[in-house]
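S.K.: Okay, predicted coordinates and the sequence, questions at the end:
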Amino acid sequence: MKTVIIKLGGAAITNKKGSCQLAEESALDALMLQIQHAYESLTASGYQVILIHGAGSFGHPQARQYNLKEGWNSGLSTPPLTAADAQVAVDGGDDDEKVPTSTRKHQKAGFAHTRKCLLQLHLQLLGRLQQRGLPVLSLSPFDHVETDNGDRSSTMCFESLAQRADQLLKLGFIPLLHGDAVLDRTLGCTILSGDVVMHKLVMLLPNVSRCVFVTDVEGIFDMDPKAAINQRDRRPKLFKHMLIDPIALNNTTTGVGGGEPLHKHGSTAKTLAARKQRRRQAHPTMVEGGNGVVDVTGGMGGKNKWARQIILDAATQLDRKDVEIVICKSGSPEATRAMALDPVLKDGAPLPEQRMTVFSLANA
C-alpha cells in the first residue's frame, strides 16, 4: 500500500516574522481543505498519508534564544526565561560541572517553554484537521525519539517512532508528527527537524512513494523570490527538476544532476560545462534567514539537503528508485496534485505548466 508523507512547512502555517503567530486564517483554511481533498483521494485509491508539520514562529525563535539546537551540554550562555516568555520553571537536575548551573537551568526552562509553544501549534492544527472529519492522531517525536549527536543520529534512534506511525496507519489513522525539541544522548537536548523525521520514516517504512514539502514559495529558486520582488533587472529562476544520480556521487564532485557522468579528472569543455550544470543543481543559491525570519533547522537549504538525501538513500540502501520529492506552494493547484499523488513527471520530465520543484532519481 503506497504512502504519501506531507510536510507542512512552518512558513506555510505560521507567521515566521512574529512569535507564536499563526498564518492568516484564509491561508490555513485553504491548506486544510487541500489536505482533506488529498486524503479523500488517496484513501479512495487505497493509499495512506502521514502528516508532519514544522514549528515556524512557535519554535524557531525560542530554540535560537536558548541555543537548544546545540544542546545544554554545549555550555553556551543563555538568558533566563522572563515572565513574558513563559510561566514554567524547570529544575536543573544533575548538572555537569563543565556547564554553569545557571546556564543549564535556563536552557532546561527554555526547552520546556519551546515544547509548550510547539504543542500549542500542534493542537491548533490537530483541531482544524479533526473538524474536517479527518482521523488525525497526535504523534510527538519527543515521546519516541532520543537522538545521539543531533542530525548525525542513526536511523535506529527512530525505530520506535516509525513503528508507532506504521501501527496508526494500519488502524486507519493519519499520524500527525512535527519538528520537536528532543532529548539527545550526546548534546543533552537538540532540535529535531521535521525534514529529518521525514527522511527517517522513508528509510523505515515500506512503500513511501512521495514526500511533499508544502511551503510559502513554489520551490527552489536561484535567488530568494521574496527578496527579488523589487528587483527589475532579473527574475528568480525556479528549479523545476532536480535529478539525483547515485552513480555520479561516487565518480564526481557533486553527485547531483543528470546526463553524462562528471569525472573527478579531465578538463574538456564538455566536462566543464557538465560540472557547471551539476553544481547549479547541487547548490542552488538560496538566501536564508532574510526579512527577520529565524529558522534553526536550515530553511529551504535544509529541504534541499534532505530531499536529495532521501532520494539517494532510498536508491542506495533500499533499492527504491521510484521515490519522488516535491516542494510546492501552499494553496496552489500544484500542492493539490502533489499531495494527491497525481503525476508530476511525464517521460521523466516535469510538466511544463507546473510551478514546483521535483526531485527524482536520474535514469530511474
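M.R.: Received the coordinates, thanks.

S.K.: And the strands in the chain, which stretches?
M.R.: 3-8, 48-53, 136-138, 174-178, 180-184, 188-192, 208-215, 220-221, 238-239, 241-244, 324-329, 345-346, 349-350, 357-361 (DSSP state E).

S.K.: mind checking which of those is nearest Glu70?
M.R.: strand 188-192 (7.6 Å; Cβ to Cβ). C-beta coordinates here come from the backbone N, C-alpha and C atoms, glycine included.

S.K.: quick one: the spatially closest residue to Val202 that is not a sequence neighbour and Ser193, what's the gap?
M.R.: Once flanking residues are discounted, Val202 sits nearest to Val208: 4.7 Å by Cβ to Cβ, 6 or more residues apart in numbering. Taking Cβ to Cβ, to the nearest Å as the measure, Val208 falls 18 Å from Ser193.

S.K.: Same question for Val326.
M.R.: Computed as Cβ to Cβ, the Val326 to Ser193 distance reads 18 Å.

S.K.: How about Arg308: what's its closest non-neighbour residue?
M.R.: Closest residue to Arg308 apart from its sequence neighbours, by Cβ to Cβ, 6+ apart: Ile244 at 5.6 Å.

S.K.: Quick check: beta-bridge partners of the one you found?
M.R.: Taking DSSP bridges as the rule, Ile244 bridges to Val256, Leu361.

S.K.: ok, it - contacts?
M.R.: Going by Cβ atoms under 8 Å, 6 or more residues apart in numbering, Ile244 touches 255-256, 308, 311-312, 315, 359-362.

S.K.: burial count for the residue nearest to Val202?
M.R.: Neighbourhood size, Val208 [other Cβ atoms under 10 Å]: 23.

S.K.: confidence score at Pro352?
M.R.: Looking at Pro352, its pLDDT is 89.

S.K.: Okay, now the unreliable bits of the protein?
M.R.: Scanning the chain for pLDDT under 70 picks out the ranges 75-103, 228-233, 248-299, 364.

S.K.: which helix of it spans the most residues?
M.R.: Longest helix of the chain, by residue count under DSSP state H: helix 101-131.

S.K.: Any buried residues in that one, and which?
M.R.: Burial within helix 101-131, assessed by neighbour count using 16 or more other Cβ atoms under 10 Å, is assigned to 103-119, 121-122, 124-126, 128-129.

S.K.: same thing with stretch 304-320?
M.R.: Neighbour-count burial for stretch 304-320 [16+ other Cβ under 10 Å]: 304, 306-315, 320.

S.K.: so which of the strands of the chain is the most packed in?
M.R.: Greatest average neighbour count among these goes to strand 188-192 (a mean of 27), per mean count of other Cβ atoms under 10 Å.

S.K.: pull the CA atoms of it into PDB?
M.R.: Once non-C-alpha atoms are left out, strand 188-192 reads as follows in PDB (Å, rounded to 0.1, in the frame of the first residue of the first chain):
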ATOM      1  CA  GLY A 188      21.600  16.700  26.300                       C
ATOM      2  CA  CYS A 189      18.900  18.100  24.000                       C
ATOM      3  CA  THR A 190      18.500  19.300  20.500                       C
ATOM      4  CA  ILE A 191      16.000  20.400  17.900                       C
ATOM      5  CA  LEU A 192      14.800  17.700  15.600                       C
END
